[in-house]
Each structure stands twice: as C-alpha cells, then as structure tokens.
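1. Quick one, what's the 3D model for this:
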Amino acid sequence: MSDRSAIVEVLREPRRIDMPLKATSVRLDDETLTRVGQMADAMDRPRAWLMAEAIKQYVAREEWFIREVEKGVKAADEGRLIDHADIKAKWEAKRAAQMD
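-> Take a look at the predicted model:
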C-alpha cells in the first residue's frame, strides 16, 4: 500500500462525533471550492467534513501559536532573554554541521 493510499484509508475511517454540530456557511471563490471538492472526492468524504476538519486544524494551530507567543512575552517580562549573538552563533553552528 502506498503512503497516499494509507493516508486515504485513515481518512475514510468513521469518526465518532461527541458533540452536536451547528451549521454555518463559508464563502469561497470558485477555484478554492473546486479544489476542496476534489480533495473531498479523493478522500471519499463530503466537502462539509473536509472544511470542518480544515477549520479545526487551523484553530488548533492558531491557539498553539497564541499560547507560545504569550509564553515568550511572559519570559521577556521576567527577564528570561537570550542575547542575539548567542542565538546567532548557535544557529550558524547548526547550519555548518548540516553542510558537512
């Protein structure tokens, strides 16, 4: 089974929904809607499922980003900072090691 086939099989598995769903609408340009439809067809899922899944992933990623920014701001407020020259040296060493 190819990697793509394995991914499609996982996406086809039934998912248990623990909460009631609410209907909403999303406005998309024709090209994006076509692409969403093609992806949904390839995964044997309804477009609505694909859009809901995409929104869930987006929200989770943005929530993570906000938490990380808040942690960084808190660290800065507490004076837990790293000198720019130290960070630059660390990343230059890492890049040099990758080129070897």
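
2. Kindly export stretch 60-68 (C-alpha atoms) in PDB.
-> Extracted C-alpha coordinates of stretch 60-68, given in PDB (Å, rounded to 0.1, in the frame of the first residue of the first chain):
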ATOM      1  CA  ALA A  60      -5.800  24.300  16.900                       C
ATOM      2  CA  ARG A  61      -2.600  25.700  15.200                       C
ATOM      3  CA  GLU A  62      -3.500  29.300  15.900                       C
ATOM      4  CA  GLU A  63      -4.400  28.600  19.500                       C
ATOM      5  CA  TRP A  64      -0.900  26.900  19.900                       C
ATOM      6  CA  PHE A  65       0.700  30.000  18.300                       C
ATOM      7  CA  ILE A  66      -1.000  32.400  20.600                       C
ATOM      8  CA  ARG A  67       0.000  30.300  23.700                       C
ATOM      9  CA  GLU A  68       3.600  30.200  22.500                       C
END
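
3. centre of the chain versus that stretch, how much separation?
-> The chain centroid and the centroid of stretch 60-68 are separated by 10 Å under C-alpha atoms, centre = their mean, to the nearest Å.

4. as a whole number, average confidence for stretch 48-68?
-> For stretch 48-68, mean pLDDT is 96.

5. From the rest of the structure, what touches that stretch?
-> 21, 26, 36, 39, 40, 43 (C-beta atoms under 8 Å, 6 or more residues apart in numbering). Placement of C-beta: from N, CA and C, glycine included.

6. Just the element for residue 56, please.
-> Using DSSP states H and E, residue 56 maps to helix 47-77.

7. how about that helix: buried residues?
-> Of the residues in helix 47-77, 50, 51, 52 count as buried by neighbour count, 16 or more other C-beta atoms under 10 Å.

8. Emit the ChimeraX select command for whichever of the contacts of stretch 48-68 are buried.
-> In ChimeraX syntax, the buried subset of the contacts of stretch 48-68 is picked out as below (16+ other C-beta under 10 Å):
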select :36,40,43
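
9. Of all pairs in the contacts of stretch 48-68, which one is the farthest apart?
-> 21 and 39 (20.0 Å; C-beta to C-beta).

10. helix or strand right after the lowest-mean-pLDDT helix or strand in the chain?
-> Every helix and strand of the chain was ranked by mean pLDDT, DSSP states H and E. The lowest is helix 3-12, at a mean of 68. As assigned by DSSP H and E, the chain's next helix or strand after helix 3-12 is helix 30-42.
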